[in-house]
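[1] Test case, fold it:
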Amino acid sequence: MTLACLPLTFLVSGRRSVASLKESTMLYNLAPRMNIRGSFKQLRFPTPCHTPLVRRFTSSQRKMGSVNSAIPEGVKLPTIKLDTTLAELYRRASPKNANIRLGLVFCGVNSGLDLSPEFPRNTKYLYQDSPFNTVPRQELTTDNVDLQKSLAMKYLSLIPQRDAFISGKAPVILFNVDQTPEQIEHDRREAEATISVLDPTQRPELVFCPGPASIPMEEYGIDRIAYKIVADGLQNYPLTHDLDTHWFLNSKAALALSGLPTPRCEIIEATGFAPDASTCCQICTTDKGELVFIPAKCTGDRGVWLKEQTERVVKVIEQRSVPFVLKNQQTFGGAGTWVVSTEQQKQDLLKDMSSEDGALRKLLSQVTKSNQHLKPGSIIISDLVKNPIGDYGVTFIATESGEGIFLAASEQMIDGNNAWIGSTINYAHQDSLREKFGPLMERTAKLVAEHGYFGPVGIDILETKTPGQTDSHTGEQTAYHIVDLNVRTSGSLSLPLLSGHFSSRGLSCASSFSVTVKGTRKEFIEKWREEFEAGKMFILRWYEDLEANESIADVVVGAEDEKSLQKQMKKVRDTTEEVTF
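    Alright, predicted model coming up:
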């Protein structure tokens, strides 16, 4: 890899493709202020879906008869009792809405490819995930069945399962990978098996439907929807938060404008937007295969506009001294980040930004009249944090009154060679970490509440030995630099809610991480039977690709101390393939 980025992998037809993963030293942007405020909108929502197949598998609130087939005979898994749940935390965050029945949507989205016929790609709220940035534009098509299926498995099942596990008594809406009876049953079976280990009083109600247009609001008495990522298809539902505002809060502009301590950065903003394909050249009006992106051979106004915007970005990169970090405006899963440390890496980046299949062409192609006010085509260049000595992920709940409910701070794990091997939680350290990061948490909670948001928030913090080693654009001198702001559930959110489970077993440390496994859930549990039965290991999410006989999963592992945890994690990883979302 030429851009000094860690690998991000996703499953493509039984193979692993490599893309950019969030580097611990990534920094963010400085963007013009946008006057966007949150609001609660009571909107009319679509008629609930009444398709017989969907109704047949809509709810998981019945005896989970098929779950036993996922557990080896004779294995007795302990019941997992969470310290609290998302449903309970939402009620604490907004007491005046405590009696509102929330439906929770945790799926991911894609702006380059439909996830299914019923779940179209986002065209207004753009996200640059790993496939968007790295897969050639000609392959981002529904004809690429393997890629479409792999993304649907990840975004419609794996990501929602992880958050559903900690949701508690609330309806969690999941969307099927496709609408064949076999696939619908497989989606349901995988999700139900994952939550079956939970205390019955904390199991969510899994509600399955084809896509965002057919969420059965009335049928399940859902008053409003709380969501993780903005999907275009949610625009006609009653929501806890305004979509424009939530998209903005998770953009790089929001952190830069927050007044929070974050490193210096520069934004290159797209001017205007690409004209409509129907009014452009003959190539744009006839080439059906490239309508998602501006064709490389476009001879009309779209091609001219794209060339002008690309040259502006390239010129700024050429003038920038290394090292620096370049980021897309709106990403998730750690994608869209390039850490450039050498002149050669800078030249490689310039080549990528100028190429026909580069991330920049694909991003700019999707700036339209309907989304230009969000500034989705912005590119951010920022300083690198100098000599960080600590890397933390702080998770908390922001209340509607602007207070923060601290959940935990995860810590970076370092091996004997000072190499990063994962993020973990040490329950014994939480009191001191709460004291260390409490002030930043409170400032962030106040910020998001001012925009009408309440719910889960995550901030990534790099600690430096000397305050001000990386200058904040606000002029604040601090040793704690916020390099990422996630106004949504984070990947490590389950760990603080499992404190009681692990501590009661004498386990003070825990970690969750993703793996690729050859075989089934049942075989994996049998292999690690002792750890599963002791409550030292369990599955947070699992999805088996039946055609490839391969599964992607998140496992949670607990141990007595950090050394024991590293040892146990290594044992698991040595028998699986590592994968990061």
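[2] list the buried ones in stretch 234-247?
    By neighbour count on 16 or more other C-beta atoms under 10 Å, the buried set for stretch 234-247 is 234, 237, 238, 239, 240, 241, 242, 243, 244, 245, 246, 247. Bear in mind the C-beta positions are built from the backbone N, C-alpha and C, glycine included.
[3] same deal with stretch 192-211?
    Those would be 192-198, 202-211, for stretch 192-211 by 16+ other C-beta under 10 Å.
[4] and what of stretch 258-274?
    By 16+ other C-beta under 10 Å, the buried positions in stretch 258-274 come out as 258, 260-270, 273-274.
[5] Please apply the same query to stretch 544-558.
    If you call a residue buried by 16+ other C-beta under 10 Å, then stretch 544-558 has these buried ones: 544, 545, 550, 551, 552, 553, 554, 555, 556, 557, 558.
[6] just stretch 81-93 next, same as before
    Buried residues in stretch 81-93, counted by 16+ other C-beta under 10 Å: 82, 84, 85, 86, 87, 88, 89, 90, 91, 93.
[7] Export that stretch to CSV, keeping only CA atoms.
    What follows is stretch 81-93 as a C-alpha-only set of coordinates in CSV (Å, rounded to 0.1, in the frame of the first residue of the first chain):
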residue,chain,number,x,y,z
LYS,A,81,-27.2,-9.4,31.2
LEU,A,82,-26.2,-5.9,30.1
ASP,A,83,-25.6,-3.1,32.6
THR,A,84,-28.1,-1.0,30.7
THR,A,85,-29.4,-0.8,27.1
LEU,A,86,-29.8,1.8,24.4
ALA,A,87,-33.5,1.9,24.9
GLU,A,88,-33.0,2.8,28.5
LEU,A,89,-30.3,5.3,27.7
TYR,A,90,-32.5,7.1,25.1
ARG,A,91,-35.1,7.5,27.8
ARG,A,92,-32.6,9.0,30.2
ALA,A,93,-31.3,11.3,27.4
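[8] Off-centre distance for it?
    In terms of C-alpha atoms, centre = their mean, to the nearest Å, the centre of stretch 81-93 is found 20 Å from the chain centre.
[9] In three-state terms, label residue 542 for me.
    Recorded secondary structure, residue 542: strand (DSSP: H, G, I helix; E, B strand; the rest coil).
[10] Give me the nearest residue to it, chain neighbours excluded.
    Distances taken as C-beta to C-beta, 6 or more residues apart in numbering put residue 553 closest to residue 542, at 4.4 Å, once the chain neighbours are dropped.
[11] Make sure that neighbour is indeed in a helix.
    No. Applying three-state DSSP, one finds residue 553 to be strand, outside a helix.
[12] ok, the closest residue to residue 372 other than its chain neighbours - contacts?
    Using C-beta to C-beta, 6+ apart and skipping the chain neighbours, the partner closest in space to residue 372 is residue 273 (4.5 Å). Taking C-beta atoms under 8 Å, 6 or more residues apart in numbering as the definition of contact, the neighbours of residue 273 are 305, 367, 368, 369, 371, 372, 377.
[13] so where is the stretch 351-500 of the chain shaky, pLDDT-wise?
    Residue ranges of the stretch 351-500 of the chain with pLDDT under 70: 412-422, 471.
[14] Where do the helices of it begin and end?
    Taking DSSP state H, counting those that start in this stretch as the test, the helices found in the stretch 351-500 of the chain are 359-364, 430-450, 499-503.
[15] Could you identify which of the ones you listed is most buried?
    helix 359-364 (a mean of 23; mean count of other C-beta atoms under 10 Å).
[16] Restricted to helices, list the buried residues of stretch 234-247.
    In helices, defined here by DSSP state H, the members of the buried residues of stretch 234-247 are 243, 244, 245, 246, 247.
[17] Which other helices and strands does the helix or strand where residue 303 lies contact?
    Assigned by DSSP states H and E, residue 303 falls within helix 301-319. Packed against helix 301-319 by the contact rule (3 or more C-beta pairs under 8 Å, 6 or more residues apart in numbering; DSSP states H and E) you find strand 265-268, helix 343-354, helix 359-364, strand 379-382.
[18] I'd like the ones you listed written out as TSV, with distance to residue 509 added.
    What follows is the helices and strands packed on helix 301-319, written out as TSV (distance: least, C-beta to C-beta, whole Å):
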stretch	distance to residue 509
strand 265-268	35
helix 343-354	36
helix 359-364	37
strand 379-382	33
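[19] can you tell which of these is closest to residue 445?
    With C-beta to C-beta as the measure, strand 265-268 is the member of the helices and strands packed on helix 301-319 nearest residue 445 (23.1 Å).
[20] which strands and helices sit next to the closest one?
    Applying 3+ C-beta pairs under 8 Å, 6+ apart, one finds that strand 265-268 makes contact with helix 252-256, helix 301-319, strand 379-382.
[21] From the chain's centre, how far out is it? Work that out for me.
    Centroid separation for strand 265-268 versus its chain: 23 Å, with C-alpha atoms, centre = their mean.
[22] After that strand, which helix or strand is next? Please name it.
    Downstream of strand 265-268, the next assigned helix or strand under DSSP H and E is helix 282-286.
[23] now, the most widely separated pair of the buried residues of stretch 258-274?
    261 and 274 (36.1 Å).
[24] and residue 150, what element?
    helix 145-153.
[25] Could you pull out the buried residues of that helix?
    Neighbour counts over helix 145-153 (16+ other C-beta under 10 Å) mark 147, 148, 149, 150, 151, 152, 153 as buried.
[26] One more: stretch 389-405?
    390-400, 402-405.
[27] wait, residue 260 sits on residue 443?
    Yes. With contacts counted by C-beta atoms under 8 Å, residue 260 reaches residue 443, the gap being 6.1 Å.
[28] next one: phi and psi at residue 517?
    Dihedral pair for residue 517: phi -120, psi 130, per degrees, to the nearest 10.
[29] Relative to residue 140, how far out is it?
    With distances taken as C-beta to C-beta, to the nearest Å, residue 517 is found 28 Å from residue 140.
[30] Pull the CA coordinates from stretch 217-230 and hand them back as PDB.
    The C-alpha coordinates for stretch 217-230 follow below in PDB (Å, rounded to 0.1, in the frame of the first residue of the first chain):
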ATOM      1  CA  MET A 217     -44.500   1.800  11.500                       C
ATOM      2  CA  GLU A 218     -48.300   1.500  12.300                       C
ATOM      3  CA  GLU A 219     -48.200  -2.300  12.500                       C
ATOM      4  CA  TYR A 220     -45.600  -2.200  15.200                       C
ATOM      5  CA  GLY A 221     -46.800   1.000  16.900                       C
ATOM      6  CA  ILE A 222     -43.500   2.800  16.200                       C
ATOM      7  CA  ASP A 223     -43.800   6.600  16.900                       C
ATOM      8  CA  ARG A 224     -40.400   7.700  15.600                       C
ATOM      9  CA  ILE A 225     -37.200   6.400  14.200                       C
ATOM     10  CA  ALA A 226     -33.700   6.900  15.600                       C
ATOM     11  CA  TYR A 227     -31.000   6.000  13.200                       C
ATOM     12  CA  LYS A 228     -27.200   5.400  12.900                       C
ATOM     13  CA  ILE A 229     -26.500   6.600   9.400                       C
ATOM     14  CA  VAL A 230     -28.600   8.900   7.200                       C
END
